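J.: sequence-free structure coming up:
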Ligand SMILES: Nc1ncnc2c1ncn2[C@@H]1O[C@H](COP(=O)(O)OP(=O)(O)O)[C@@H](O)[C@H]1O
Ligand SMILES: [Mg+2]
């Protein structure tokens with residue numbers, strides 16, 4: 001459907017299209033539906049987590065121009081829950097007058113991590129030192145940049161796939177093929193993140209700075225603490241950097257800004273996601289407006305909601321257990337976890353579990369952050385998803 005004018009707000013019962021039917025799309029769907037919107041989802045897996053809740057799902061790949069067209073033309077507004085979408089097809093749809101937010105141009109900029117770094121550098125955003133790699137990475141190019149370094153593929157990386165830590169020549173066997181760039185290894189004290197929303201009018205709101213703790217085996221978020229346990233000056237500086245980052249991107253929607261605090265107290269931007277982010281799941285229960293509702297409000301041209309955090313929160317992902325491989329999910333320990341006051345369980349409804357696959361998450365609200373953290377550790381030891389028998 002073609003909008004009357006792109007400056008007009010999209011209001012219920014308009015239909016919002018979501019490209020990507022994973023957990024982010026699922027939670028966007030829940031919040032969009034609460035407001036009274038209708039929702040359609042495009043995803044390659046029939047019965048995707050978001051597709052289960054949407055009015056309908058179109059089953060297709062994210063680079064299938066015909067399927068993208070089929071979704072967008074049936075919706076008043078289209079957004080997405082992942083970055084790996086064919087931007088040429090998206091831009092063509094925009095040219096036809098369809099409303100896509102954030103825009104195809106912005107998505108294209110963010111898809112290429114080197115392009116993203118270059119853009120932020122032009123706007124003076126602090127980042128690790130970085131350099132382009134011409135062609136395949138060679139020992140000479142790496143030595144010229146100096147060790148230790150991090151090599152990153154320019155496109156398509158996620159959950160640490162696409163990132164290689166190269167401490168010296170002995171690590172050259174770990175080099176990633178294809179277009180990449182290198183950046184300085186940061187001596188990380190803490191990984192931080194901030195969710196920032198930007199409206200159609202350029203109004204911006206930032207949620208509290210949060211702290212991410214990573215599982216070194218899988219390079220996945222182990223636990224998230226909101227707010228971050230850092231000195232007020234650090235939080236303020238990080239928040240300024242995150243807001244400036246989203247401002248210079250100029251997009252519309254919710255953005256997840258990942259930051260590093262180095263051991264020497266420096267704050268740099270790692271990367272930006274043009275969508276709700278794992279580090280903002282806690283907002284679903286802990287904040288007045290969740291990041292998912294905020295994203296819907298922003299892209300629909302509606303006013304942003306309050307980002308106030310009502311209670312300290314800890315959040316842990318529920319990952320597919322690494323024993324037992326892949327198969328239909330079997331959940332253990334749910335009753336014990338639901339008996340913990342303040343623990344809120346989200347299970348995404350994925351048809352198959354795999355080792356370290358994100359199958360759900362649990363947010364724990366506490367009177368204080370330490371109480372929430374301790375309860376979240378208990379949740380982590382109690383709730384298990386492993387592959388069960390085929391039904
Ligand atoms: N320059 C760096 N210095 C130190 N650690 C890094 C650096 N870049 C990435 N990492 C580590 O690798 C993880 C994944 O890198 P990231 O660029 O965020 O890729 P992904 O898209 O997979 O999330 C980060 O969360 C951080 O732990
Ligand atoms: Mg990352």
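T.: Happy to help now that I have it. Predicted model, so just to flag it, every value in this text is computed and none were measured. Ligands and ions are numbered 1, 2, ... in the order given.
J.: is residue 213 in a bridge, and if so with what?
T.: residue 223 (DSSP bridges).
J.: Compute the distance between it and residue 272, please.
T.: According to C-beta to C-beta, to the nearest Å, residue 213 stands 21 Å off from residue 272. Using the backbone N, CA and C atoms, a C-beta is placed for each residue, glycine as well.
J.: Counting neighbours, go ahead and name the busier of the two.
T.: Comparing residue 213 with residue 272 by other C-beta atoms under 10 Å, the one with more neighbours is residue 272, at 25 against 14.
J.: Make sure I have this right: that one is in a strand.
T.: Yes - counting by DSSP: H, G, I helix; E, B strand; the rest coil, one finds residue 272 located in a strand.
J.: That one pairs with what?
T.: Those that pair with residue 272 in a beta bridge, by DSSP bridges, are residue 257.
J.: Nearest spatial neighbour of the residue of the chain found nearest ligand 1, chain-adjacent residues omitted?
T.: Residue nearest to ligand 1 within the chain: residue 186 (3.7 Å; C-beta to the nearest ligand atom). In space, residue 186 comes closest to residue 260 once its chain neighbours are excluded; the distance is 4.7 Å by C-beta to C-beta, 6 or more residues apart in numbering.
J.: can you pull the pLDDT of the one you found?
T.: We have a pLDDT of 98 for residue 260.
J.: For it, which three-state class applies?
T.: strand.
J.: secondary structure class for residue 105?
T.: Under three-state DSSP, residue 105 comes out as helix.
J.: cool, and residue 191?
T.: Recorded secondary structure, residue 191: strand (three-state DSSP).
J.: ok, the spatially most central residue of the chain - contacts?
T.: Centroid-nearest residue in the chain, with C-alpha atoms, centre = their mean: residue 277, separated by 2.8 Å. Applying C-beta atoms under 8 Å, 6 or more residues apart in numbering, we find residue 277 in contact with 193, 195, 254-256, 258, 291.
J.: contacts with ligand 1 among those residues, please.
T.: Among the contacts of residue 277, the ones lying near ligand 1 by C-beta under 6 Å from any ligand atom are residue 258.
J.: The residue nearest to residue 186 reaches residue 188, doesn't it?
T.: Yes - assessed by C-beta atoms under 8 Å, residue 260 is found in contact with residue 188 at 5.2 Å.
J.: So between those two, which is more surrounded?
T.: Set residue 260 next to residue 188 and count neighbours by other C-beta under 10 Å: residue 260 wins out with 20 against 14.
J.: Near ligand 1, which residues of the stretch 51-200 of the chain? Just list them.
T.: 128, 150, 152, 157-160, 162-163, 183-186, 188, 191.
J.: ok, residue 380 - contacts?
T.: By C-beta under 8 Å, 6+ apart, the neighbours of residue 380 are 222-223, 316.
J.: what about 10 Å?
T.: 215, 222-223, 314, 316-319, 337, 362 (C-beta atoms under 10 Å, 6 or more residues apart in numbering).
J.: how about residue 279, phi and psi?
T.: Dihedral angles of residue 279 (phi, psi; degrees, to the nearest 10) stand at phi -70, psi -10.
J.: Please give me every residue in contact with it.
T.: Contacts of residue 279 (C-beta under 10 Å, 6+ apart): 191-195, 207, 209-212, 221, 224, 226, 256-258, 273, 291, 315.
J.: what bits of the stretch 201-350 of the chain have low per-residue confidence?
T.: 215, 217-221 (pLDDT under 70).
J.: Repeat that for the stretch 1-150 of the chain.
T.: Those would be 1-7, if you go by pLDDT under 70 across the stretch 1-150 of the chain.
J.: returning to what we had before: from the contacts of residue 277, pick the one nearest residue 132.
T.: Using C-beta to C-beta, residue 258 is the member of the contacts of residue 277 that sits closest to residue 132, with 21.2 Å.
J.: what's the neighbour count on the closest one?
T.: The burial count for residue 258: 19, using other C-beta under 10 Å.
J.: is it true that it touches residue 193?
T.: Yes - with contact defined as C-beta atoms under 10 Å, residue 258 and residue 193 form a contacting pair (5.2 Å).
J.: any common contacting residues for these two?
T.: Shared contacts of residue 258 and residue 193, counting by C-beta under 10 Å, 6+ apart, come down to 212, 242, 270, 273, 277-279.
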